[in-house]
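# how would this look folded up:
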Amino acid sequence: MGIVVIGDVFIDIKGYSLSPYIPQGRNAGTVIQIHGGVARNVAENIANIELKPTFISAVDDNAMGDDVIQKLKRHKVETKYMKKVKDGMGTWLAVFDHEGDVVASISKRPDHKPIEQILDEHGDEIFKDADSIAIEIDTDKEIVKKTFMYAEKYHKEVYALVSNMTIAVERRDFIRRTACFVCNQQEAGILFSEDYDHMTPAELAAILPDRIRSAKISRMVVTMGGDGAVFVDSDGHTGIYPGRKIDIVDTTGAGDAFFSGVCIGLTYGKTLQEACGIGTRLAATVICTTENICPRLCRKNSVLRGNRYGTYYYRNCRGVWLRKIDIYEQAQAVLWG
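Numbering: from 1, shown residues only. Okay, here's the model as predicted:
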């Protein structure tokens, strides 16, 4: 089953200005349309380093919905629980300035009932074999409630990120039940009713331990753009993972990629610092392109041999032999060679 990712599919329509953006004027540029949605991005990011996640979601009952499912299948995402329904996908329309930052956007959210139905019909079989769960904490409340119910029933860790912190602040009881909560600097300020916008990583790292202990959050990571990320746990361990210097084309999806790496690392036994390292590397592969997801870092793995102890080995596209049982090391070899 791998990591189970629960959430939406969006179609992203993105316009890029070729010169400094004029808010009330005409702007020459380019327009592209790609598959998006935070949860869909996370599922594909995980799949793109050959970890075969399961995606719980819905798509439109038309050719575009078919296209989304077929692409996910090609990238080895398990899609058997996905539903095809009317209004199954959302739409995000965004305009970017010439530096790759969003200057305007409009979002149409999809119908969430199909995802709730999937959990009602297949929750036990999905969760009992899951390695962990990844979810947007601000998605439909019934979906979040059912996710934690099943996760706690089968003792699975839930990792959460956020799209709308205004909704998430009303879900503090769920945030406390996560194994790790990931958000950005501004969102952390909203969560704790403080202004963190002008803080340095060192300043934020100094105050976060007290904040998460008071909020009863076990582990938290706060992303700070080019300044990296601050990580902290309820035992007071804290640190800063530096950002990577990359020429930015489009920042869309960088947070999703970072979260994907954190989720991978923590699921497969690495420290919070090591998990942030994976997240940083994945995010760096996203912001230098117009895509929402990291590139497919290893196009195919084939089982090539086994030994008399029953351990199977893979050789990835770089010719590196990897044990089937050591999933994290496979991701590490793909990311760092």
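# work out the gap between the one helix or strand Y16 maps to and the centre of the chain.
Assigned by DSSP states H and E, Y16 belongs to strand 10-17. Remark: strand 10-17 is offset 19 Å from the chain centroid, using CA atoms, centre = their mean, to the nearest Å.
# buried residues in stretch 169-188, which are they?
169, 171, 174-175, 177-185, 187-188 (16 or more other CB atoms under 10 Å). Just so you know, the C-beta spots here come from the backbone N, C-alpha and C atoms, and that holds for glycine as well.
# if you could redo that for stretch 269-288, that was the one I meant.
Within stretch 269-288, the residues scored as buried using 16+ other CB under 10 Å are 270, 272, 274-287.
# check stretch 12-19 too.
12-17.
# hmm, back to that, mind listing what the strand holding Y16 pairs with, with the direction of each?
Next to strand 10-17 in the sheet, as set by DSSP bridges, lie strand 29-36 (antiparallel), strand 90-96 (parallel).
# tell me the most buried of those strands?
Among those, strand 90-96 has the highest mean neighbour count (mean count of other CB atoms under 10 Å), at a mean of 19.
# number of nearby residues for the residue lying closest to T267 once chain neighbours are set aside?
Spatial nearest neighbour of T267, excluding adjacent residues (CB to CB, 6 or more residues apart in numbering): S132 at 4.2 Å. Using other CB atoms under 10 Å, S132 has 22 neighbouring residues.
# please name the bridge partners of S132.
Beta-bridge partners for S132, by DSSP bridges, are I3.
# contacts only, for it.
3-4, 156-159, 179, 263, 266-267 (CB atoms under 8 Å, 6 or more residues apart in numbering).
# which members of these are positioned in helices?
Counting by DSSP state H, the part of the contacts of S132 found in helices is 263, 266-267.
# just checking, G2 touches V77?
No. Using CB atoms under 8 Å, G2 is not in contact with V77; the gap is 9.1 Å.
# need the overlap of contacts for those two.
Joint contacts of G2 and V77 (CB under 8 Å, 6+ apart) are 52-54.
# show me which of those residues is closest to K71.
Here the nearest of the shared contacts of G2 and V77 to K71, counting by CB to CB, is P53; it sits at 14.1 Å.
# quick one: residues contacting G255.
161, 182, 184, 223, 283.
# just the ones in helices from those residues, please.
Members of the contacts of G255 lying in helices (criterion: DSSP H): A283.
# from the contacts of G255, which two are the most distant?
Spanning the widest gap among the contacts of G255 are L161 and A283, at 12.5 Å by CB to CB.
# host element of R26?
If you go by DSSP H and E, R26 is not part of any helix or strand.
# number of nearby residues for it?
For R26, using other CB under 10 Å, the count is 6.
# quick one: contacts of stretch 171-180?
For stretch 171-180, the external contacting residues (CB under 8 Å, 6+ apart) are 132, 137-138, 141, 144-145, 148, 152, 157-160, 168, 181, 191, 215-221, 262-263, 266, 272.
# any idea which of the shared contacts of G2 and V77 has the most stuff around it?
Neighbour max across the shared contacts of G2 and V77 (other CB under 10 Å) = P53, 28 neighbours.
# where does that residue land on pLDDT?
P53 carries a pLDDT score of 96 in this model.
# any idea how far it lies from R172?
Counting by CB to CB, to the nearest Å, the gap from P53 to R172 is 27 Å.
# repeat that for M149.
18 Å.
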